[in-house]
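>>> Starting from these lines, generate the structure:
(one chain, ligands or ions: 1)
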Amino acid sequence: LGAELVICGRREEVLAETAREHSAETGGTVSHFRCDIRDPQAVEDMMDAIWAEGPLDILVNNAAGNFLCKAEELSPNGLNAVLGIVLQGTAYCTLAAGRRWIAAGRGGNVLSIVTTYAWTGSAYVLPSAMGKAGALAMTQSLAVEWGPKGIRLNAIAPGPFPTEGAWSRLVPN
Ligand code: HXC
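Got it, this is the predicted structure:
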């Protein structure tokens, strides 16, 4: 649709390959940043680098982490690994973009990918359910706080995608 796309993730080679694929498929401009969104300084540095080229119009919060685990067997690190991405990482990215939009007096759009269990909860994916519920609450909160500033927030819960990666983790034999 003519957008310039910026993607981020933790692994350089995966990002570079994905950027190449999208660019070849669409003829569009796709750049990438290695960034672990659990690190607020890394998010700030990435946003500074993006804004140096021009402001974002749309932020898509798609990054997530999840695994099946009995809640009573979750370690603090396991809980934090998922919450750090799904809850804190989503907030770091959104606040970093929002601060820049507000400072420039311009609008923006945030689209956060959540899950249908954000409002029902779900067994065996406790940190993911907690994180997605938080991302939904963030969307509703900031829609009110930032709406008058021309910043629109939406969340969509597309439901499960039966890809090999998702199904091997979420529907094991
Ligand atoms: C129990 C686990 C675990 C598992 C990791 N941990 N996997 N505990 N069961 N299957 C624990 C580890 O033991 C460790 O705790 C802690 O989590 C951190 O593990 P690391 O491997 O060091 O973490 P990290 O490299 O940061 O990666 C963690 C992750 C990983 C992000 C959760 O699984 C990952 O990269 N997944 C790929 C991305 C992903 O999951 N995408 C799916 C998103 S789908 P200890 O105590 O041992 O140190 C989604 C929506 C689902 O979110 C909607 C479905 C309908």
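>>> and the stretch of helix or strand Lys132 belongs to, what's its mean pLDDT?
Lys132 is part of helix 126-146 when elements are defined by DSSP states H and E. For helix 126-146, mean pLDDT rounds to 98.
>>> what's in contact with that helix?
Taking contacts as CB atoms under 8 Å, 6 or more residues apart in numbering, the residues outside helix 126-146 that touch it are 61, 64-66, 69, 71, 74, 78-79, 81-83, 85-87, 90-91, 94, 98, 102, 110, 112, 114-115, 117-119, 121-122, 151-155. C-beta coordinates here come from the backbone N, C-alpha and C atoms, glycine included.
>>> Kindly report the residues of this protein close to the ligand.
With the criterion set to CB under 6 Å from any ligand atom, the chain comes near the ligand through 64-67, 69, 75, 77-78, 81-82, 85, 115, 128, 160, 170.
>>> Just name the shakiest helix or strand of this protein by mean pLDDT.
Sorted by mean pLDDT, DSSP states H and E, the helices and strands of the chain end with helix 164-170, the least confident at a mean of 85.
>>> name the helices or strands packed onto that helix?
Helix 164-170 sits against no helix or strand, with contacts defined as 3 or more CB pairs under 8 Å, 6 or more residues apart in numbering; DSSP states H and E.
>>> And the next helix or strand after the helix holding Lys132, how far out from the chain middle?
Towards the C-terminus, the helix or strand next in line after helix 126-146, according to DSSP H and E, is strand 151-156. Its chain's average C-alpha position is 12 Å from that of strand 151-156, according to CA atoms, centre = their mean, to the nearest Å.
>>> which other helices and strands contact strand 151-156?
Applying 3+ CB pairs under 8 Å, 6+ apart, one finds that strand 151-156 makes contact with helix 90-104, strand 108-113, helix 126-146.
>>> between the longest one and helix 90-104, how big is the angle?
Between the axis of helix 126-146 and that of helix 90-104 there is an angle of 20 degrees, by axes from the mean of the first three to the mean of the last three CA atoms, to 10 degrees.
>>> Next up, the contacts around the residue sitting nearest the centre point of the chain.
Ranked by distance to the mean C-alpha position of the chain (CA atoms, centre = their mean), the top residue is Asn61 at 2.5 Å. If a contact means CB under 8 Å, 6+ apart, then Asn61 has Thr90, Cys93, Thr94, Val110, Leu111, Ser112, Ile113, Ala135 as its contacts.
>>> Just confirm the second one contacts Leu59, I think it does.
Yes: Cys93 is in contact with Leu59 according to CB atoms under 8 Å; the separation is 6.2 Å.
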